[in-house]
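Peer 1: Need coordinates for the following:
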Amino acid sequence: GKGSNLDLILEIVKDLTERGVEAQVGGGLRDPITIRRVIEAGAFPILGTIAYERPTILRELARDFPLIVAIDLKERKIMIRGWTKETTMEPEQAVSYFRDIGIREFLITDIDSDGRLSGYLGGISLPFSFPELMFTYAGGIRDMEDLERLSNDGFSSAVVGRAIYETDLMQKLIERGWEI
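Peer 2: Predicted coordinates for the structure are as follows:
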């Protein structure tokens, strides 16, 4: 919420979009001015805390721009404020609420698995409950089997971190012709 890297992030976004690469920016986007700057730079904002604490702003922005709402889960509870505060909303309730105000895409992060190469644990049924929406998964992905299970569970995409650097996942993705 108090980041000072915005200018650098916007510079990176500009470079990516000039090369035809789609960019998403999330983390600390908690005011409408910053969110609009991200959008104007050509990125899709991923919104967490502001979506839950200031839904009126989210509703106003969603009228004009495609937004992504973060659902950061710790032990199946939605966390905000940098994963430090639990909300009272259940994941299904949150998706339904945000869908009704115009949100069509969600980033689901399994906080307990994030950065651990622990694998996709499954058990997230949101893509099946809301097939008209798009869901991206993040958290602990380690191999092709995880990505295949995510695809089978209805996720449209995944965020892969450590596995790209510490396993042969990138090579397997290329060999199989998966979009990166």
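Peer 1: Can you pull out the residues in contact with the helix ranked longest in the chain?
Peer 2: Counting by DSSP state H, the longest helix found in the chain is helix 6-18. Residues outside helix 6-18 that contact it (C-beta atoms under 8 Å, 6 or more residues apart in numbering): 22-23, 25, 34, 37-38, 41-43. For glycine as for every other residue, the C-beta is placed from the backbone atoms N, C-alpha and C.
Peer 1: now, which of these lie within helices?
Peer 2: Per DSSP H, those map to helices at 34, 37-38, 41.
Peer 1: Just send these back as TSV, with neighbour count, pLDDT and distance to Glu179 too.
Peer 2: Converted to TSV, the ones in helices among the contacts of helix 6-18 look like this (neighbours: other C-beta atoms under 10 Å; pLDDT from 0 to 100; distance: C-beta to C-beta, whole Å):
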residue	neighbour count	pLDDT	distance to Glu179
Thr34	18	94	30
Arg37	19	95	28
Val38	23	96	24
Ala41	19	95	23
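Peer 1: Show me which of the residues you listed is closest to Gly154.
Peer 2: Val38 (27.4 Å; C-beta to C-beta).
Peer 1: Pretty sure Gly26 is one of the things the closest one touches, is it not?
Peer 2: No. If you go by C-beta atoms under 8 Å, Val38 and Gly26 don't touch, sitting 9.2 Å apart.
Peer 1: okay, the ones in helices among the contacts of helix 6-18 in CSV with distance to Ile9 next?
Peer 2: Formatted as CSV, the ones in helices among the contacts of helix 6-18 follow (distance: C-beta to C-beta, whole Å):
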residue, distance to Ile9
Thr34, 10
Arg37, 9
Val38, 8
Ala41, 8
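Peer 1: For those residues, which two are the farthest from each other?
Peer 2: Thr34 and Ala41 (10.8 Å).
Peer 1: so where's the protein uncertain?
Peer 2: 1-3 (pLDDT under 70).
Peer 1: What segments of it are strands?
Peer 2: Using DSSP state E, the strands of the chain run over 24-26, 44-47, 68-74, 77-80, 85-86, 105-110, 134-138, 157-159.
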